[in-house]
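Student: got a predicted model here, sequence first, then my questions.
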Amino acid sequence: MPRMKKPHIATLDEVVITRNGDYADIAYRDSAVGGVNLKIGPEVTLMTDQEILDCHNGIILAMQQSVASYRHRAVEVPPGKDQVRYSEKCDQWVPRGDVLRCLIHDEAGRRPVIEIDDREFTLEEFGSMLTTFSGWGMRVVFVPDTDLEKRPVIVVRDPKD
């Protein structure tokens with residue numbers, strides 16, 4: 001199933017707007033674009049579709065400007081401190097920072113096991129942990145198990161076969 005496209009600044013002919021209590025539901029006519037459920041308040045019943053769309057477009061513009069000016073600095077939990085914690089709210093393990101130092105093992109049957117902070121996670125558990133960053137990207141850098149705390153030199157080139 002293809003991933004939905006993010007909502008974008010739209011014109012009235014690109015969307016269908018319905019009202020539901022304090023909310024405006026904005027559905028794009030292009031089914032590949034995700035919809036928006038926008039809480040406006042009781043005044044939503046008095047607003048025109050264009051006024052609702054202007055509010056929506058203003059939010060999308062503010063989000064685009066925020067993304068354009070954002071400079072990410074990945075936070076790495078210091079060695080010796082827990083990199084992951086169990087979240088009761090999510091009912092799963094979640095990363096505490098943006099960098100995970102991990103070891104890769106395999107069980108009998110060649111099933112991968114990911115070790116973090118002396119805890120072993122199945123590939124499914126590790127995958128669930130990654131959903132904490134849904135919508136983000138990631139780079140995976142493999143290093144010798146003795147170099148987990150070192151920043152590796154990365155060389156960009158085609159690998160030798």
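Tutor: The structure has been received and is ready for your questions. Numbers count the residues shown, from 1 in each chain.
Student: not counting sequence-adjacent ones, nearest residue to residue 22?
Tutor: residue 41 (5.1 Å; C-beta to C-beta, 6 or more residues apart in numbering). In short, each C-beta sits where N, CA and C put it, glycine included.
Student: surely that neighbour touches residue 21?
Tutor: No: between residue 41 and residue 21 there is no contact under C-beta atoms under 8 Å: 9.6 Å.
Student: got the domain boundaries for the chain?
Tutor: Domains of the chain are assigned by automatic domain parsing as 12-69, 84-147.
Student: adding mean neighbour count, write those domains out as CSV.
Tutor: As requested, the domains of the chain are exported to CSV (neighbours: other C-beta atoms under 10 Å):
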stretch, mean neighbour count
domain 12-69, 13
domain 84-147, 12
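Student: what about residue 160, which helix or strand?
Tutor: Taking DSSP states H and E as the definition, one finds residue 160 inside no helix or strand.
Student: so how many other residues sit close to it?
Tutor: 4 (other C-beta atoms under 10 Å).
Student: any idea of the pLDDT on it?
Tutor: pLDDT for residue 160: 87.
Student: then residue 27?
Tutor: Value for residue 27, per-residue pLDDT: 97.
Student: and it, what is it in contact with?
Tutor: Going by C-beta atoms under 8 Å, 6 or more residues apart in numbering, residue 27 touches 15, 16, 17, 18, 35.
Student: which element follows the helix or strand it falls within toward the C-terminus?
Tutor: Secondary structure assignment for residue 27, by DSSP H and E: strand 23-28. Using DSSP H and E, the helix or strand that directly follows strand 23-28 along the chain is strand 36-39.
Student: roughly how far out does that next one sit from the chain middle?
Tutor: 19 Å (C-alpha atoms, centre = their mean, to the nearest Å).
Student: what pairs with it, parallel or antiparallel?
Tutor: strand 23-28 (antiparallel) (DSSP bridges).
Student: distance from the partner strand to the middle of the chain?
Tutor: 22 Å.
Student: cool, and stretch 61-75?
Tutor: Per C-alpha atoms, centre = their mean, the centroid offset for stretch 61-75 relative to its chain is 14 Å.
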